[in-house]
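Novice: okay, sequence plus prediction incoming.
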Amino acid sequence: MKILLTNDDGYQSIGIKVMAEHLLAAGHDVLLVAPHIERSGCGHAMTIGAPVVLDEVNLGLASDKLRAYSCTGTPTDCVVMGFDVLDSSIEMVISGINQGPNLADDITYSGTACAAMEGVIFDKPAIAVSLNSKSKDPEKHNETAAEIVLSVLAWIRENPMRTGVFYNVNVPNVPKNELAGVQVTKKGIRRYVDKITAGETADGKPAYWIGGVIEDEMTEGTDVWSIAHGYASITPVHLEMTSFTAYEENERKGMGEKLTAALFRK
């Protein structure tokens, strides 16, 4: 396949290099377009009103078949540049391997996941892949995540993805032989306790750090439960945001007509 590979950790991240090596070794045609600096947590931001610059880069991989570019924009911009500037014949988007998980409600903050969302907007199948690692981990098993992605690609060949859906893949930071398995999951619920830490700037102004302690609802069948129990998690994520239950209820109650009548009675 012709694959656009991106991330939000930046083009020099070990995760994207490992993913590129595995895709190339499997015979895929890979175009890498990734941010020139880390853009974690930027969500689905797009650069508006400022130029976006592409620079061809050499990642020093063994294969000489990789086309690679750094991009001064966001992960979403990288996908747009890939399709609209570099190669309109791309067949699929893969975003990652992110160094750290993208689980539950964090999907909405994740530049990794939102790059995959942009692939769906271009009407292409897309995968976001993240390794459940921490910065202090002595070893990061990106190879495990890359091998799972290759397995997902093999599955997709026989079982094409639904239109409007991307797969959000999270993988425990363990060697492949230590995985409990792979599960298809639902999006879980993740909350942050004590989210704000107050402090001050060097000149004495109030300042605030956003973070907090993670609290996950451990409901079996969700992505957070799956990762916590040693499984790789694959969550099919749909971009359709309409609440059809609320839509049908308000249509049934005549919301539009009644608001129109109330508006013009004034």
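Specialist: Received, thanks. Residues are numbered from 1 along each chain as shown.
Novice: neighbours around Val57, how many?
Specialist: 16 (other CB atoms under 10 Å). C-betas here are computed from N, CA, C, even on glycine.
Novice: ok, Gly10 next?
Specialist: 18.
Novice: likewise for Ala45?
Specialist: 15.
Novice: what sits closest to it if chain neighbours are left out?
Specialist: Among residues not flanking Ala45 along the chain, Thr74 sits closest, at 4.8 Å (CB to CB, 6 or more residues apart in numbering).
Novice: quick one: average confidence on the helix or strand encompassing Glu257?
Specialist: Secondary-structure assignment from DSSP states H and E places Glu257 in helix 255-265. This predicted structure assigns helix 255-265 an average pLDDT of 94.
Novice: other residues contacting it?
Specialist: The contact list for helix 255-265 (CB atoms under 8 Å, 6 or more residues apart in numbering) reads Asn250.
Novice: for it, C-alpha coordinates in PDB please.
Specialist: This file holds the C-alpha atoms of helix 255-265, laid out as PDB (Å, rounded to 0.1, in the frame of the first residue of the first chain):
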ATOM      1  CA  MET A 255     -38.100  21.800  18.700                       C
ATOM      2  CA  GLY A 256     -37.300  23.600  15.400                       C
ATOM      3  CA  GLU A 257     -40.900  24.600  14.700                       C
ATOM      4  CA  LYS A 258     -41.600  25.700  18.300                       C
ATOM      5  CA  LEU A 259     -38.400  27.800  18.500                       C
ATOM      6  CA  THR A 260     -39.200  29.400  15.200                       C
ATOM      7  CA  ALA A 261     -42.700  30.300  16.400                       C
ATOM      8  CA  ALA A 262     -41.400  31.700  19.700                       C
ATOM      9  CA  LEU A 263     -38.700  33.700  17.800                       C
ATOM     10  CA  PHE A 264     -41.100  35.400  15.500                       C
ATOM     11  CA  ARG A 265     -43.700  36.100  18.200                       C
END
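Novice: what comes up buried for it?
Specialist: Judged by neighbour count (16 or more other CB atoms under 10 Å), helix 255-265 contains no buried residues.
Novice: against Trp155, how distant is the residue nearest to Ala45?
Specialist: 29 Å (CB to CB, to the nearest Å).
Novice: who has more neighbours out of those two?
Specialist: Neighbours per residue (other CB under 10 Å) separate Thr74 from Trp155, with Thr74 holding more: 23 against 14.
Novice: and the more buried one, what does it touch?
Specialist: Contacts of Thr74 by CB under 8 Å, 6+ apart are 8, 35, 39, 42, 45-47, 111.
Novice: can you put the residues you listed in a markdown table and add secondary structure?
Specialist: Formatted as a markdown table, these follow (DSSP: H, G, I helix; E, B strand; the rest coil):
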| residue | secondary structure |
| --- | --- |
| Asp8 | coil |
| Pro35 | strand |
| Arg39 | coil |
| Cys42 | coil |
| Ala45 | coil |
| Met46 | coil |
| Thr47 | coil |
| Gly111 | helix |
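Novice: top of these by neighbour count?
Specialist: Ranking those using other CB under 10 Å puts Asp8 first, with 31 neighbours.
Novice: and that one, what does it touch?
Specialist: 35, 38-42, 74-75, 95, 98, 110-112, 115.
Novice: before we move on, what about Ser63?
Specialist: By CB under 8 Å, 6+ apart, the neighbours of Ser63 are 21, 24-25.
Novice: narrow those to those in helices?
Specialist: 21, 24-25 (DSSP state H).
Novice: and which of these is nearest Ala128?
Specialist: Closest approach between these and Ala128, by CB to CB: Glu21, at 18.8 Å.
Novice: which residue is the nearest non-sequential neighbour of that closest one?
Specialist: That would be Leu61: by CB to CB, 6+ apart, it lies 5.8 Å from Glu21.
Novice: from Lys195, how far out is the one you found?
Specialist: 39 Å.
Novice: of these two, which one has the most company?
Specialist: Leu61 (16 against 12).
Novice: pLDDT at the more buried one, what is it?
Specialist: 89.
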